[in-house]
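Asker: pasting the sequence and the predicted coordinates here, then a few questions.
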Amino acid sequence: MRIARLLAGLLLGGMLVGIAWFAGWITPPESLARRVALWATLYPASTAGGVIEPIPCEPLPRVRFYVVCTEECEGVWRIAAVKGLRTIQLANLARTPPESVPVTRRRINTIVRGERVLVTDDQARRMVEFYLRLEGLAPARLLDEAYRGAVEETRPEGEAALEALAARIAEGDPLERIPIERDGGGPRSTLLYWDTARRGWPVVEMRFRMGGFGDVLDVRVRQLSSSEDEEEAAPVETAPDSSGGVSGQR
């Protein structure tokens, strides 16, 4: 009888832990969350050959975000969130035609708002860093005004000199180059980003407007300069999120 009671207690304890993991009351081990995200994203296909990489989001410790790829992202290429043992598909980056920005943003904002974290200035900086990574951008390429001046001064020296400058800039802390302002609503941030992945290595200005929970309300992007002497691009405003919510202040 003692052995039976012991086994029953262990079984009950395991069931309670499993329920807590699934519901997100207790954060499961990262290795388990990773396997769940990979399986749920690729099902019914095999997980063999699948590659999964985390997208850090420190202000939301109960949620893990991943990018999942197969065939070097020529096959499956998706972003998923895992809370507890539940997987939420956020974006299908390989879809043709591409998913609309408002649709994918609404999914991401639903997760962010659901955590009910009223972000501090430091957390807002980390949320901006997270959103950059979601877009496939490298926070290490953020500039301040001094670095922007260095970029423009170095352009005439050619690509090798620009690559050396980019390496020096990447050694710093990108969070220090994410200013946060508040105007009575949610946080705002105006960034300078050096897009070394694009032809001409342009410098662009990005304006983030966020709600109180760190959700994105809108983003405006404007090209400032390029080695290709392209005309300055007109401002591009992505469609604002209109899904509301406590933090969806205007």
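Answerer: Happy to help now that I have it.
Asker: confidence score at Ala33?
Answerer: pLDDT for Ala33: 88.
Asker: Cys153 is in what secondary structure piece?
Answerer: Wrong residue type there; residue 153 is Glu, not Cys. Here Glu153 is covered by helix 145-154, with elements defined by DSSP states H and E.
Asker: check which element follows that helix along the chain.
Answerer: helix 159-170.
Asker: just the angle between that next one and helix 145-154, please?
Answerer: 170 degrees (axes from the mean of the first three to the mean of the last three CA atoms, to 10 degrees).
Asker: buried set for helix 159-170?
Answerer: Leu162, Leu165, Ala166, Ile169 (16 or more other CB atoms under 10 Å). Any C-beta I mention is one placed from the backbone N, CA and C, and that applies to glycine too.
Asker: again, but for stretch 27-41
Answerer: In stretch 27-41, counting by 16+ other CB under 10 Å, buried: Thr27, Pro28, Ala33, Arg34, Arg35, Val36, Ala37, Leu38, Ala40, Thr41.
Asker: stretch 96-107 too?
Answerer: For stretch 96-107, by 16+ other CB under 10 Å, it's Thr104, Arg105, Arg107.
Asker: pLDDT (mean, whole number) over stretch 187-205?
Answerer: Rounded mean pLDDT across stretch 187-205 is 93.
Asker: quick check: end-to-end length of it?
Answerer: 17 Å (CA to CA, to the nearest Å).
Asker: mind listing what's buried in it?
Answerer: Buried, per 16+ other CB under 10 Å, within stretch 187-205: 187-189, 191-196, 201-204.
Asker: quick one, the top strand by length along the chain and helix 145-154 angle?
Answerer: If you go by DSSP state E, the chain has its longest strand at strand 216-225. When the same axes, to 10 degrees is applied, the directions of strand 216-225 and helix 145-154 differ by 30 degrees.
Asker: for strand 216-225, which strands pair with it and how are they oriented?
Answerer: In the sheet, strand 216-225 lines up against strand 203-210 (antiparallel), strand 236-237 (antiparallel) (DSSP bridges).
Asker: looking at those strands, which is closest to Ile52?
Answerer: strand 203-210 (27.0 Å; CB to CB).
Asker: which residues touch the closest one?
Answerer: 119, 124, 127-128, 131, 143, 148, 151-152, 186-195, 216-226, 233 (CB atoms under 8 Å, 6 or more residues apart in numbering).
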